[in-house]
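> Just a sequence and a predicted model for now, questions to come.
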Amino acid sequence: MKNKPIKSINKIITYILLTVFAIISLLPLYWVFSTSLQLSSYQSQDMERPVSYVNANPPKMYPMGIPLYFEHWSEAREAAKAGDIELETYHRDMMSYIIEDTFSSFVNLFTKQDVGKWFFNSIYIAVIVTFGILLFDSMAGYVLAKKKFPGRNLIFWVIISTMMIPGQVTLVPLFFMVGKLELMNTHWALILPDLAMVFGVFLMRQFMYSIPDELLEAARMDGASEWKTYWTVVLPLAKPGLAALGIFTFMSVWNSFLWPIIVLNNEALYTLPVGLKTLQDANLASFKLLMSGAAITAIPMIIVFILFQRHFVKGLTIGGVKE
Amino acid sequence: MKKLWKKPTLLLASLGLTASMLAACSGGSNEEVGDADEFKGTITIWDGPRWPDEDDNKYHWLESKIAEYEAANEGIKIELVQVPWAEMGDKLGVSIAGQAWPDIAPVDISGSSVSIDHIEQGVVEPLDAYLTKEEKADFYENALDAYSYDGKLYGIPNSITLHTMLLNLDLFEERGVTPPANGKWTYAEFLKTAKDLTFDRDGDGKTDVYGFSTYILPGYYEAWPFFYKNGGSPLNEDLTGFTFDDPKVVQAIQDLADLKLKEDAAPETLGGSDVGGTFQAWANEEQRTVAMQPWATWAIGAAQGKYPTNFMVAEYPTGDAGEAVTIGGVGGWLMFNQGDNANKKAAVADFMKFISSTDEQFTMAQHYGIFPARISSSEMDPFKENPEMTRAMEMSDQVVMLPRHPEWKKIDEAIQTQLQLVFNGEKTAEQAMADAKKAVDELLK
Amino acid sequence: MTQVKLDPVQEVNMNENRLQGTKNAKKSHKKPNTVWRDMKKNYSAYLFLLPKLILFVLFVAFPVVWAIVLSFQKYRFNGSIFIGLDNYIAVFNSEAFSIALKNTLLFTVVTVPFSVISALVISVMIFGLGKISQSFFRSAFYLPSVTSMVIIAMVWRWMYNYDFGLFNYFLSWFGVEPINWLGQSATALWALIIMSCLIPFGTGIIMYLASMGSISQSLYEAARIDGANSLKQFFHITIPLLKPTTLYLVLLSTIGSFQVFTQIIMMTGGGPGSSTETLVHLIYKTGFRDFEYGLASAQAVVLFVIILIFSIIQFRVLRHDE
């Protein structure tokens, strides 16, 4: 009986704390979007110098477009009463100014910078790698899990042991390799080494274990070829694993940074993260522009995350937790 | 239309070719000069963003030159690789190391990406066989010097740049401060000006505008002319020892750092590493929180174009040495090793000359905020209507060059990281330069 | 972030027994002459493996071997020369490396425990909630992990901005003078550490939640009957049973934090001075700015050995008192 109020107080405290933590953890992302949509500045005729919004001290905590409209609303109404201006003109001019300024950096990025190209590059590279990985890794994972053949354990262990080696070790030789194959400054230089990532083999092998042998036997009895068995029986059963692997592959390719900045020279070939670095390095970019670029890069992953949340959880737990 | 264009260029190309063949013969060089017309294939050229056209395409100049050249020379395809300037040095160095270099790139041989070592290893092609004496005579001597090593010419100079002080005249007016006459001043005058320009506009007890700011970062030299004001240089004449620990230099460094640390005439970010933020603080009309900053000449173009500012160009203030100094550089095109393909070599050289002709250098000077490396282009007076560029150009006889050492990049980094600490007030200039000496002498061994 | 590549440790261990089993079984009834027949019979298995294997050999296995060879060479673009252990000697004698190592260690020693413990605390708090709130908070804490580190670094650089940044604004609420976070040696590394601590360890939270879900409720009931309060339950049941997950997460985040790079190149470039130089940034600089590929490879091999030693120690310590 006595416990009840304590319990609910506990619960309230938990909620408050979690909310505070969640705000802290989401604040940077919020700040990306808020800055990207912030007004850059505003100057009306009677002002001596323009008011800065992006570079403001204290910072403006949310986009100031609509507040600006209301800030000058009463002045405008007074002026309208006095017959100096028409309210409609105020509304039209102010709204078009606000809309134009709020989205100016996005327009700028797509029309005057290469962001459109970078976006396309990022998407198509990530898609190619994801599907390549899904196909090759599920094929490899399948035979490593379900077939007994000489050399199986050796192959598996060699592959797995390289997962412990940090990527930086192979950075230089990989770079030479790509040079020797004359792939420098092409997208193949990103795609091929990414297709060689071994995590998926391991994940698929784990997943394929859970497919009952009887089903495979049955398919074989029906005279299905190995390929057909794999394609019609194994793959459909592996769907949850494939979904998880696909998402993580897409995410890691989309976000990869160190390798692309080494092998891509041509601005037109850049992926979004590399392009963002260039934007930041260019002297003339404002934080509004940079944050808009960041927002464009973040949005696709956020959408993927919202759509496929379940699979994220699944993917993380296949790899690590005993079930 | 196309045909009309084709002829003269072809003619020019073949003229250039015969000229260069003549040069090869008369020079007695045993190097075989190929036939550019025989070459069919692709030439790769790197370039960084230059001035924008109406569509904000910053590569339009070279793109149109390429189109023109391809139309005139059938069978030659020129591939443009667009590399941002900030990445150019590292990317090129990486490509050299990976033996995947382009045919042409817009860099110098000062050691940031291409060093004397590379030249000795044959990465860069000498171009003497492709330029006649008369052609060479059209370039400023110091421009040719910057591309010469061991008596050979490695590259075609294209432009000369230097650093100048940019003064926001609106802020001078607001504070009733007189800018230096003719842009000439002593350090004491500069210091007083900087202090006068530092003020609290809205009376909230916080400084809103500072007199001066700049940044310190490896590979950037905006602040360096201040360090030369009493004389001295980073390395000694024969490049065997570090000499920035000279008391004259140490004093000069400390003076500039004290502008923030003691005089409060510079913002906290003086000597930081935020290049873009520094420029924005001077040029962006929403900020304009710094009255004076040193920049390379491209910034003059920016302040006349994208960031319209009421400004003037001034010299760096003079110190004990009594003479104004600035740091400059020479831009140009390098040809990278072509193996035994003499015909391709000739074609590449031909294209390099095509894009660094008198007219092209004139165009670039007008639009890109740099000075031509050709005397004939200067004589066309590209800055007729641009007094600020003219004033900057007058400073070209104050230019000192950075030491040309194969390890300069590392030496530079060792010095600049120490300088950062001085400007943060973490070390005195004396300490920092003593520490830099240790690191640099190690590299010079 | 690098979770994707680095999950294996625990799982490998789990499967060891299974594999060992098949290996022994095979050995007992296999004779050499049957191996060839086995291979022929299973040719399709090799075909299935082939694409991945080719990629693996070309872009993983071969480069690993090459890296080791390179680390004994002085790279010159027209022919490298073997110089024995000189690169390794240079690594251990170089001040830059020891500074980078020190910075990386400090970074790791602070961020890893903080990340893992905060993930645990947050998970415990979330676990007690209803289904909807659970999935809401889980998403809120995982969301930052799906955004590229490049973006996170850019926005933090903006938040740390001296003049207009959020942080100096928050500090001004408490009357603290603005701090030049990334601009001075005293605070730059700590700014990066604080940033890493405040980015929630999304993977950790999700995995802790999953593991807690698999702890049998009867254990808690038994404890409750014995009169253990919830704090006691937490320390005597939850924590011990979560140990495998904790071990895995500690290893994962240690490996990740030893490889810290993106923040450095996007926010400080290793400066001011060398106050934020880390190992991977140093490797990048040595290799791709100074073009000393041999030395860079030696640095990378040393980094690998350091990570390996750390992993083994953590494995031992966290396994020991189970």
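That came through, no problem.

> CA only for contacts and neighbour counts going forward, please
Noted.

> Enumerate the residues of the stretch 151-300 of chain B near chain A.
B:275, B:276, B:277, B:279, B:280, B:285, B:286, B:287 (Cα under 8 Å from any Cα of the partner chain).

> Now the first one: phi and psi?
According to degrees, to the nearest 10, the main-chain angles of residue B:275 amount to phi -60, psi -50.

> Name the nearest residue to residue B:362, ignoring sequence neighbours.
Spatially, and ignoring its direct neighbours in sequence, residue B:362 is nearest to residue B:377 (5.1 Å; Cα to Cα, 6 or more residues apart in numbering or on different chains).

> so who does the one you found touch?
Listed by Cα atoms under 8 Å, 6 or more residues apart in numbering or on different chains, the contact set of residue B:377 reads B:358, B:359, B:361, B:362.

> Distance check, residue B:320 against residue B:222.
To residue B:222, residue B:320 is 20 Å away according to Cα to Cα, to the nearest Å.

> now the strands: where do they sit in the stretch 201-322 of chain C?
Counting by DSSP state E, counting those that start in this stretch, the stretch 201-322 of chain C has no strands at all.

> and it, which residues reach chain B?
Taking Cα under 8 Å from any Cα as the contact definition, the stretch 201-322 of chain C meets chain B at C:268, C:271, C:272, C:273, C:274, C:288, C:289, C:290, C:291.

> Could you list which of those also contact chain A?
On the criterion Cα under 8 Å from any Cα, residue C:288 are the entries of those that sit beside chain A.

> Out of the residues of the stretch 201-322 of chain C next to chain B, give me the one that has the most neighbours.
Ranked by neighbour count (other Cα atoms under 10 Å in any protein chain shown), those have residue C:272 at the top, with 29 neighbours.

> Isn't residue A:313 up against residue C:206?
Yes: at 6.6 Å, residue A:313 counts as touching residue C:206 under the criterion of Cα atoms under 8 Å.

> Between those two, which is the more surrounded one?
Set residue A:313 next to residue C:206 and count neighbours by other Cα under 10 Å: residue C:206 wins out with 23 against 19.

> Could you report the pLDDT at that one?
Looking at residue C:206, its pLDDT reads 90.

> centre of the chain versus stretch B:207-227, how much separation?
Chain-centre distance of stretch B:207-227: 17 Å, with Cα atoms, centre = their mean, to the nearest Å.

> what do you get for stretch C:263-283?
Between the centre of stretch C:263-283 and the centre of its chain there are 18 Å (Cα atoms, centre = their mean).

> Just the buried positions in that stretch, please.
C:263-283 (16 or more other Cα atoms under 10 Å in any protein chain shown).

> Show me how the record splits the chain into domains.
Just going to use chain A. Domains of chain A are assigned by automatic domain parsing as A:3-110, A:112-320.

> wait, chain C
C:3-86, C:90-320.

> any bit of whichever strand or helix holds residue C:119 sitting next to chain B?
Taking DSSP states H and E as the definition, residue C:119 sits inside helix C:95-127. No: using Cα under 8 Å from any Cα, we find that helix C:95-127 stays clear of chain B, coming within 9.8 Å at best.
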